[in-house]
Structure formats: structure tokens, C-alpha cells
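S.K.: Mind folding the following:
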Amino acid sequence: RSAKTSKVIEQAPAPGISKTIRNELGKSAVKAAQAVKYVGAGTVEFIFDSSVDKFYFMEMNTRLQVEHPVTEMITGVDLVEWQLRVASGEHIPLKQENIILNGNAIEARIYAENIKDNFLPTAGHINYLNTPKVTSNIRVETGIRSGDDVSVHYDPMIAKLVVWEYDELQAFKTLEQSLSEFNIVGIENNVDFLRKL
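M.R.: Numbering: from 1, shown residues only. Sure, this is the predicted structure:
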């Protein structure tokens with residue numbers, strides 16, 4: 001994908017994929033990692049063609065990805081902790097087949113960007129920042145606070161909002177409610193755009 005085109009919404013589990021295909025994807029990902037003797041956190045990406053119910057290997061990223069919180073939310077597994085434990089010599093305590101998917105998680109990426117100016121990154125002073133209350137099913141990851149400055153010299157993603165619910169529709173409702181509580185004053189951002197998606 002182009003570096004100018006960024007993902008803004010991530011969902012897990014991926015919608016429109018049967019349990020059978022999901023299991024095959026998991027087995028294929030493990031097989032790919034084993035083939036290169038890879039140990040640690042990583043992401044194996046596939047392209048899925050729903051018209052023929054087939055998937056094709058795309059790439060393997062040997063790191064935790066930005067969207068890893070959706071996986072953490074539906075599995076209850078702290079991937080950052082596991083990666084650190086593996087790096088210190090411990091063995092991964094679970095096998096792929098022992099990981100249970102539970103519920104639905106959605107991540108919205110909050111960017112400092114001007115929607116009206118072709119999504120160009122913006123810089124400036126954050127006069128005020130209010131985020132939704134963090135709960136067991138609402139997670140906010142950010143390094144910014146009221147009074148901070150956002151520079152054009154860094155990635156424009158300034159926060160991630162991740163929600164979890166048992167039901168997919170309820171997860172989208174919780175995301176909508178949480179986005180309505182996300183208030184950034186002082187710099188252009190994509191929160192209103194996300195609410196309209």
C-alpha cells in the first residue's frame with residue numbers, strides 16, 4: 001500500500017470469514033513461521049478472495065503491528081508481555097490451537113490531519129484533550145496530553161481507540177459512543193471523520 005494511504009479502522013475477528021477458513025489461516029501462519037524457525041510476535045498477512053473462498057500469502061512482519069490491540073482484546077493475551085518474555089528466553093506458553101477468540105474488537109486510529117485538505121498531516125498545540133474513560137472494554141493508547149505540541153516530523157497518528165464487545169454491532173455502537181467522547185482542541189484531526197464512517 002502507499003505510504004500516503006493509512007488504515008484508520010481495524011476489526012477482529014475479520015468479518016465475512018468462516019470458522020473453517022479462519023482455522024486454515026491460523027495453521028498456515030504457524031506453518032510459515034515454523035518454516036523459517038521464527039520465534040516471537042509477528043503477523044502473517046493474507047489476501048482473501050471471498051468469491052472463491054481462498055486466501056493467498058502476502059507477507060510476514062516480524063514485529064508487533066499497530067493494530068495488535070484488537071488481537072489482544074479478543075484473545076485476552078498481552079502480546080507485548082509475551083514478546084518481552086520470549087526475548088528474555090522464555091517459551092511461549094500457548095499453542096495456536098489453544099487460543100480462543102472471544103467477542104469483537106475494533107480499533108480506530110486518531111490522526112492529526114486536515115480532512116478538508118486531502119488528509120494532510122497537521123501540526124500545532126493541543127489546547128485540550130479529553131478521551132473516553134478507559135474500562136475493561138475501552139482502551140486508549142496515546143502519548144499526548146493537553147498542552148503538548150504535535151510536530152510534522154513524526155507520524156501523524158496521535159492515538160488509538162480500541163473497543164471490545166461480545167456482539168459486532170454493539171462493538172460499533174461502543175466505538176461511536178467513545179468517539180463522541182474523544183475531544184481534541186487545537187489541531188485538526190480525524191475524529192469527526194471516523195464518526196461518519
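S.K.: How far off centre is the longest helix belonging to the chain?
M.R.: Taking DSSP state H as the assignment, the helix of the chain that covers the most residues is helix 19-35. Computed by C-alpha atoms, centre = their mean, to the nearest Å, the chain-centroid distance of helix 19-35 equals 20 Å.
S.K.: go on, stretch 186-197?
M.R.: Its chain's C-alpha centre and that of stretch 186-197 lie 17 Å apart, by C-alpha atoms, centre = their mean.
S.K.: May I see the buried residues of that stretch?
M.R.: Judged by neighbour count (16 or more other C-beta atoms under 10 Å), stretch 186-197 contains these buried residues: G186, I187, E188, N189, N190, V191, L194. All C-beta atoms are positioned from the backbone trio N, CA, C, and that covers glycine.
S.K.: quick one: contacts of it?
M.R.: For stretch 186-197, contacts defined as C-beta atoms under 8 Å, 6 or more residues apart in numbering pick out 8-9, 108, 110-115, 119, 122-128, 150, 158, 176, 179-180, 182-184.
S.K.: Ok, stretch 138-150 next?
M.R.: Residues beyond stretch 138-150 that count as contacts (C-beta under 8 Å, 6+ apart) turn out to be 69, 73, 110, 112, 122-129, 131-132, 134, 156, 158-164, 174, 178, 187.
S.K.: Of the buried residues of stretch 186-197, which is the nearest to P93?
M.R.: L194 (35.8 Å; C-beta to C-beta).
S.K.: before we move on, back to that, show me just the buried residues among the contacts of stretch 138-150.
M.R.: Neighbour-count burial (16+ other C-beta under 10 Å) applied to those gives 69, 73, 110, 112, 122, 126, 129, 131-132, 156, 158-164, 174, 178, 187.
S.K.: if you look at the residues you listed, which of them are in strands?
M.R.: Where the buried ones among the contacts of stretch 138-150 overlap with strands, as defined by DSSP state E, the overlap consists of I110, L129, I158, A159, K160, L161, V162, V163, W164.
S.K.: any idea where the helices of this structure begin and end?
M.R.: Chain-ordered helices for the chain, with DSSP H as the definition, fall at 19-35, 68-75, 79-87, 168-180, 191-196.
S.K.: With that, I have no additional questions.
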